[in-house]
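> sharing a model that was predicted from the sequence below.
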Amino acid sequence: MNRPMEQKTVWVTGGSSGLGYHTANALRDAGWTVIAGARSFQEPGDQDGIHRLPLNVREEESCAAFRKRAMEISPRIDALVQCAGVLVLGSCEETTIAEYRKVMDTNFLGMVRMNQEALPLMRKAGGGKIVLFSSINGLMGIPFQNAYTASKHAIEGYAEGLQMETRPFGIQICLIEPGDHRSGSQHTRGHAERMGPESPYAAAYASATAKIHHDETHGSDPEVLGRKVARMLDRKNIPFRKRIASPDQHLAVYLHKFLPARMNERILRGYYLHG
């Protein structure tokens, strides 16, 4: 059922699980017309007050089809929230080029594709808001999460240029930088095919991945994150960067910025690679 014309419309990528799912629900609860896309949405349909459309951000044809169907549901787009992403854990040496390509193609180029679908519509309308989900890992690296970290660093740099180019058209860009959240998105986290017991990095890898799993399992509430994003989008002006993380993760970012590189390395190695 189409919503009233005056109701604001948001597109959400990666809306089937994780932070995208919780953000889509929060926006629905805040009164938005939410059109969510995900690969797992095999057929268009409505569920729990959200319009669900198939979307594979790695395919230009899928992105274009999503735009066409979304415009049939609502002829406006006030915001685009990009949450689609995957993660492959592995050493820099043993993560394959194909695995790097999959992560970059989804996390970074997937955003580029969807922006290119939304930007002409926003320019024509005289404005809009684009929210790109980065990460604490877009600001600092950790061991064995290198493809994901590279994709998030790419998003950070891309967004700065994007904001400078689009501000004259009334378009606002925001980077959301989440820390660890209990997002329930383990199915989007893979392990590099070459990682195994025979790897020279096996012991360090086991330590780091156990710590990564622990931190996410005991992370912040994703529903709180979703509500913060929804409240932010209701404002006239949105910040360029918004970090949503626990106090210790905020501290880690500040230390990474101001401490010497060798000291940062010792701190992070001690946290991830020793028990």
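Looks like it arrived, so ask away.

> got any ranges where the stretch 101-250 of the chain has weak pLDDT?
183-189 (pLDDT under 70).

> would you map the strands across it?
For the stretch 101-250 of the chain, applying DSSP state E, counting those that start in this stretch gives strands covering 128-133, 171-178, 189-191, 241-244.

> can I get these in CSV including mean neighbour count and distance to Ala203?
Glycine gets a C-beta too; all of them are placed from N, C-alpha and C. Shown next, in CSV, are the strands of the stretch 101-250 of the chain (neighbours: other Cβ atoms under 10 Å; distance: least, Cβ to Cβ, whole Å):
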stretch, mean neighbour count, distance to Ala203
strand 128-133, 24, 32
strand 171-178, 24, 29
strand 189-191, 16, 15
strand 241-244, 18, 32
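
> can I get those strands in TSV with distance to His250?
Below are the strands of the stretch 101-250 of the chain laid out as TSV (distance: least, Cβ to Cβ, whole Å):
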stretch	distance to His250
strand 128-133	18
strand 171-178	10
strand 189-191	24
strand 241-244	7
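
> so which of those strands gets nearest Ala154?
Of all the strands of the stretch 101-250 of the chain, strand 128-133 sits nearest to Ala154, with 10.7 Å by Cβ to Cβ.

> each with direction, which strands does that closest one pair with?
Strand 128-133 sits in its sheet next to strand 79-82 (parallel), strand 171-178 (parallel), going by DSSP bridges.

> tabulate those (a markdown table), appending distance to Leu273.
Converted to a markdown table, the strands paired with strand 128-133 look like this (distance: least, Cβ to Cβ, whole Å):
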| stretch | distance to Leu273 |
| --- | --- |
| strand 79-82 | 32 |
| strand 171-178 | 23 |
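
> nearest to Thr96, of those strands?
Nearest of these to Thr96, taken as Cβ to Cβ: strand 79-82 at 25.5 Å.

> roughly how far does Leu257 sit from Leu251?
Careful, residue 257 is Lys; it's not Leu. Going from Lys257 to Leu251 by Cβ to Cβ, to the nearest Å gives 11 Å.

> Ile35 too?
The gap separating Ile35 from Leu251 is 37 Å, by Cβ to Cβ.

> out of these two, which sits in the busier spot?
Ile35 (26 against 11; other Cβ atoms under 10 Å).

> assign the more buried one to helix, strand or coil.
strand (DSSP: H, G, I helix; E, B strand; the rest coil).

> which residues does it form beta bridges with?
Assessed by DSSP bridges, Ile35 has beta-bridge partners Trp11, His51.

> got a list of what it touches?
Neighbour list for Ile35: 9-12, 50-51, 53, 70, 73-74 [criterion: Cβ atoms under 8 Å, 6 or more residues apart in numbering].

> of these, just say which sits nearest to Ala150.
When the contacts of Ile35 are compared for distance to Ala150 (Cβ to Cβ), Val12 wins out at 24.1 Å.

> would you agree that closest one is in contact with Arg28?
No: using Cβ atoms under 8 Å, Val12 is not in contact with Arg28, being 9.6 Å away.

> so the closest residue to Gly49 other than its chain neighbours is in which element?
Nearest non-adjacent residue to Gly49, counting by Cβ to Cβ, 6 or more residues apart in numbering: Arg28, 5.0 Å away. Assigned by DSSP states H and E, Arg28 belongs to helix 18-29.

> quick one: average confidence on that helix?
If you average the pLDDT over helix 18-29, you get 96.

> hmm, the residue nearest to Gly49 is touching His22, no?
No: the pair Arg28 / His22 is not scored as a contact, 10.8 Å apart, by Cβ under 8 Å.

> which of those two has more neighbours?
His22 (24 against 20).

> returning to what we had before: what packs against the helix holding Arg28?
Counting contacts by 3 or more Cβ pairs under 8 Å, 6 or more residues apart in numbering; DSSP states H and E, helix 18-29 packs against strand 9-13, strand 33-38, strand 50-54, strand 79-82, helix 222-233.

> this completes my enquiry, with thanks.
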